[in-house]
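Engineer: sequence first, predicted coordinates after that:
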Amino acid sequence: MLIEPGKLLAQIDSPADLKKFNKEELVIICDELRQFIIDNVSVYGGHFGASLGVVELTVAIHYVMNTPYDQLVWDVGHQAYGHKILTGRRDIFHTNRLYKGLSGFPKRKESEYDTFGVGHSSTSISAALGMAAASKYKGDKLRQHIAVIGDGSMTGGMAFEAMNHAGVSDTNMIIILNDNCMSIDPNVGALKDYLTDITTSHTYNKVKDDIWKLLGKFSKFGTSAQEVISKVEGAIKSALLKQSNLFESLNLRYFGPVDGHDVDHLVEVLNDLKGIPGPKILHCITVKGKGYALAEKDQTKWHAPGKFDKITGEIAKKIYDTPQAPKYQDVFGHTLVELAEKDDTIMGVTPAMPSGSSMNIMMDAMPDRAYDVGIAEQHAVTFSAGLATQGLRPFCNIYSTFMQRAYDQVLHDVCLQNLPVVFCLDRAGFAGADGPTHHGAYDLAFFRCIPNLVVSAPMNEEELRNLMYSATKYEGPYSIRYPRGQGTMPNWRLPMREIPVGQGRIVKEGEKVAILTIGHIGNYAVEASEMLKSDGLSPAHYDMRFVKPLDGVLLHEVFTKFDKVVTVEDGCLMGGFGSAVLEWMMDHGYSAQVKRLGIPDEVIEHGEQIELHRECGFDPVGIADAVRSFVTLPELMALK
């Protein structure tokens, strides 16, 4: 069903249309935009609280700035739904995050208003600064460059690197800090405390408006007057705060904090900032989930709640007649606590994803042994390495897609020193509706080339538990990858046993064709084998469990018995599991026909996991077809 927009919102197909309204009508437009987001997400699902929190800010930016000439960059993009609706995508917004529909994040090829593709945090300031530097080089002094970044994303080291550069860049740039004390989970760390100090300083807030007005009056008298007032302003700000202003210390003109839900004031402020040269930061205080009481109250739960009843707030849940398998992340969380209860060297580390990774289970049970280090993947890895040097065994849980950001730290700080850090890579393989910025497609390929690192993947919950237990017995770096979503075993709490490093298993004996799988995707091979029974085919199935080291004993058996082999992985084909098998085959003098199934060397867009598996040809039907392709028509006729 299509959601009807409000009367004013229905007239807005671009920011140019928005500018036709009187300033007094912006409050109504904000209300209609917020309701349109609530109506759509409740029916179709998606990210929720973040976009509700920046409705007024979004409207104000597009009302004041001349987008897309003025370049607006969103950080991560969870909060960009209002931006999409105001920039020509209102009538197709119901396709958001659906297969072949709108991306859930800003995307350059989707709209000229999406100036930079995002999905990973802390990138906006760097990108906007690059755009601003390009404008300066081209002699374009009128173009504005705006980066909207949350306080959660601000904890990422890249944001500080960019601010350090921006402070000496002499570029026309506005950094808008959307401060709501949240990323997905509540923010942590000294930066959060510092921003709270600014926000709650009554003395500072009492005089900041006077400083602002004084600055505005002097700005029209030229550069020398601006320099004087800037120094006075900085001195007063520093004196009023408990410590010197962090942003001012980086040579960024700091303004705020301001109410991020007062659209009229935001319009005034942004108009003022347009006339002030140089890099600036505007500190806006917002409420994640603003305008929907339940989302304001439980901001983590309502970050991306799925479909829900907007009246009652009841989140839709599937009702099953039989017990269901748990999510892999929950198996990880509970198993980690079990292991930690028996081994006091085990620690937990996650970069700002305690609920998403289920590290919150250990944080609740053992708060002194589990760390949320903020959105800082590089730090999470090297922090884990530091723990390991002192005889501890950290389990560092990072989504596969975000592990890409800490690659150097894995190699340089953990693996070269052969430290016993256990990397648990959640959301490995296709991430689903979050799309290509979140697909965990590359970890098998980029991890298997690193010395000392064990690379493994469980086919089910029992294997995940066993691999986690096995990692505690291994004196070196160890990685375990598993997908988003449910496993296959409702009764998963089985006694743990050690799996020797590099040991796979035979799932099913067979003939003519061997299927080699890695990880959860092996369950598709089980389904494919059932489908093939009607053709009289019975392929063998091997669950390899390890990409590095490969099980040489099993592979000798495979290539001795079979000259037709299918490899299946929920990862990139370039350099992945199938490539590893081919390398082993060639190195050991075997020759066979090998068909590799996995993610091709191209960008695969968003959709449900099964839709993307089907598109890439490694769903159960695709696996069955790959086996059939190895068998000639006369052979098939003879089998039948």
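Structural biologist: Perfect, I can see it now.
Engineer: what are the ranges of the helices in the stretch 101-250 of the chain?
Structural biologist: Per DSSP state H, counting those that start in this stretch, the stretch 101-250 of the chain carries helices over the ranges 124-138, 157-166, 190-200, 202-219, 223-240, 246-249.
Engineer: residues in contact with the second one?
Structural biologist: I take that to be helix 157-166. With contact meaning CB atoms under 8 Å, 6 or more residues apart in numbering, helix 157-166 is reached by 122-126, 129, 149, 153, 173, 175, 247, 250, 252, 279, 376, 378-379. The C-beta positions use only the backbone N, C-alpha and C, and glycine is treated the same way.
Engineer: could you redo the last one with a cut-off of 6 Å?
Structural biologist: Contacts to helix 157-166, defined as CB atoms under 6 Å, 6 or more residues apart in numbering, come from residues 122, 125-126, 129, 250, 279.
Engineer: which of these are buried?
Structural biologist: The neighbour-count test (16 or more other CB atoms under 10 Å) marks 122, 125-126, 129, 250, 279 as buried among the contacts of helix 157-166.
Engineer: and after the lengthiest strand in the chain, which helix or strand comes next?
Structural biologist: Identified as the longest strand of the chain according to DSSP state E is strand 564-572. Counting by DSSP states H and E, the element after strand 564-572 in chain order, helix or strand, is helix 577-587.
Engineer: tilt between that following helix and strand 564-572?
Structural biologist: Here the directions of helix 577-587 and strand 564-572 differ by 140 degrees (axes from the mean of the first three to the mean of the last three CA atoms, to 10 degrees).
Engineer: thinking again about what came up before, which members of the contacts of helix 157-166 are the farthest-apart pair?
Structural biologist: Within these, two members stand farthest from each other by CB to CB: 122 and 279, at 16.9 Å.
Engineer: sorry, back to before: right, and out of the buried ones among the contacts of helix 157-166, which lies closest to residue 109?
Structural biologist: Looking across the buried ones among the contacts of helix 157-166 and measuring by CB to CB, the closest to residue 109 is residue 126, at 20.5 Å.
Engineer: show me the contacts for that closest one.
Structural biologist: Residue 126 makes contacts with residue 162, as judged by CB under 6 Å, 6+ apart.
Engineer: which outside residues touch the strand or helix carrying residue 265?
Structural biologist: Secondary structure assigned from DSSP H and E places residue 265 in helix 263-274. With CB under 6 Å, 6+ apart as the test, helix 263-274 has contacts from 26, 30, 56, 59-60, 63-64, 174, 216, 258, 280.
Engineer: and the average pLDDT for that helix is what?
Structural biologist: Averaged over helix 263-274, pLDDT sits at 94.
Engineer: same check on stretch 140-151?
Structural biologist: On average, stretch 140-151 scores 93.
Engineer: three-state assignment of the nearest residue to residue 574 once chain neighbours are set aside?
Structural biologist: Among residues not flanking residue 574 along the chain, residue 601 sits closest, at 5.1 Å (CB to CB, 6 or more residues apart in numbering). Secondary structure, DSSP: H, G, I helix; E, B strand; the rest coil: residue 601 is coil.
Engineer: residue 601 is in contact with residue 572, isn't it?
Structural biologist: No: in this structure, residue 601 is not within contact of residue 572 by CB atoms under 6 Å, at 7.0 Å.
Engineer: one step back: which one of the contacts of helix 263-274 has the most neighbours?
Structural biologist: Tallying neighbours with other CB atoms under 10 Å puts residue 56 at the head of the contacts of helix 263-274, with 28 neighbours.
Engineer: helix or strand for it, which one?
Structural biologist: Here residue 56 is assigned to helix 55-64, by DSSP H and E.
Engineer: and the strands in the stretch 451-600 of the chain?
Structural biologist: Shown for the stretch 451-600 of the chain, the strands assigned by DSSP state E, counting those that start in this stretch span residues 454-456, 478-481, 505-508, 514-517, 540-543, 546-548, 564-572, 593-599.
Engineer: by contact count, what packs against the fifth one?
Structural biologist: Using 3 or more CB pairs under 6 Å, 6 or more residues apart in numbering; DSSP states H and E as the contact test, the elements touching strand 540-543 are strand 505-508, strand 514-517.
Engineer: in CSV: those strands, plus distance to residue 497, mean neighbour count and mean pLDDT.
Structural biologist: CSV is the format used below for those (distance: least, CB to CB, whole Å; neighbours: other CB atoms under 10 Å; pLDDT from 0 to 100):
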stretch, distance to residue 497, mean neighbour count, mean pLDDT
strand 505-508, 12, 15, 98
strand 514-517, 21, 29, 98
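Engineer: any chance of those in JSON lines, plus distance to residue 284?
Structural biologist: Converted to JSON lines, the helices and strands packed on strand 540-543 look like this (distance: least, CB to CB, whole Å):
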{"stretch": "strand 505-508", "distance to residue 284": "55"}
{"stretch": "strand 514-517", "distance to residue 284": "49"}
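Engineer: which among the ones you listed is found nearest to residue 78?
Structural biologist: Nearest of those (CB to CB): strand 514-517, 33.7 Å.
Engineer: just the C-alphas of that closest one, formatted as PDB.
Structural biologist: Provided in PDB are the C-alpha atoms of strand 514-517 (Å, rounded to 0.1, in the frame of the first residue of the first chain):
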ATOM      1  CA  ALA A 514      31.600 -33.500  -4.500                       C
ATOM      2  CA  ILE A 515      30.300 -30.300  -3.000                       C
ATOM      3  CA  LEU A 516      32.700 -28.400  -0.700                       C
ATOM      4  CA  THR A 517      31.200 -25.700   1.500                       C
END
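Engineer: so how far is residue 528 from the nearest residue to residue 376 once chain neighbours are set aside?
Structural biologist: Of all residues not flanking residue 376 in the chain, residue 351 sits nearest, at 5.4 Å (CB to CB, 6+ apart). According to CB to CB, to the nearest Å, residue 351 stands 37 Å off from residue 528.
Engineer: okay, the two: which has more neighbours?
Structural biologist: residue 351 (31 against 27).
Engineer: wait, isn't that one in contact with residue 380?
Structural biologist: Yes: Residue 351 lies in contact with residue 380 (CB under 6 Å); the separation is 4.2 Å.
Engineer: anything in contact with each of those two?
Structural biologist: Common contacts of residue 351 and residue 380 (CB under 6 Å, 6+ apart): residue 373.
Engineer: can you tell me the SS state at residue 257?
Structural biologist: Per three-state DSSP, residue 257 ends up strand.
Engineer: nearest residue to it in space, please, no chain neighbours.
Structural biologist: Closest to residue 257 by CB to CB, 6+ apart is residue 283, at 4.4 Å.
Engineer: packing partners of the helix or strand containing the one you found?
Structural biologist: For residue 283, the host element (DSSP H and E) is strand 279-285. With contacts defined as 3+ CB pairs under 6 Å, 6+ apart, the packing partners of strand 279-285 are strand 173-179, strand 253-259.
Engineer: residue 462 is nearest to which of these?
Structural biologist: Per CB to CB, nearest to residue 462 of the helices and strands packed on strand 279-285: strand 173-179, 43.1 Å.
Engineer: ok, and the closest non-adjacent residue to residue 295?
Structural biologist: With sequence-adjacent residues excluded and distances taken as CB to CB, 6+ apart, residue 295 is closest to residue 289, at 2.8 Å.
Engineer: which element, helix or strand, includes residue 395?
Structural biologist: strand 393-399.
Engineer: neighbouring strands of that strand in the sheet, and parallel or not?
Structural biologist: Sheet partners assigned to strand 393-399 using DSSP bridges are listed as strand 346-350 (parallel), strand 422-426 (parallel).
Engineer: most tightly surrounded among these?
Structural biologist: strand 422-426 (a mean of 28; mean count of other CB atoms under 10 Å).
Engineer: so what does the next helix or strand after that one touch, helix or strand wise?
Structural biologist: With elements assigned by DSSP H and E, the helix or strand that comes after strand 422-426 is helix 443-447. Here helix 443-447 touches no other helix or strand, going by 3+ CB pairs under 6 Å, 6+ apart.
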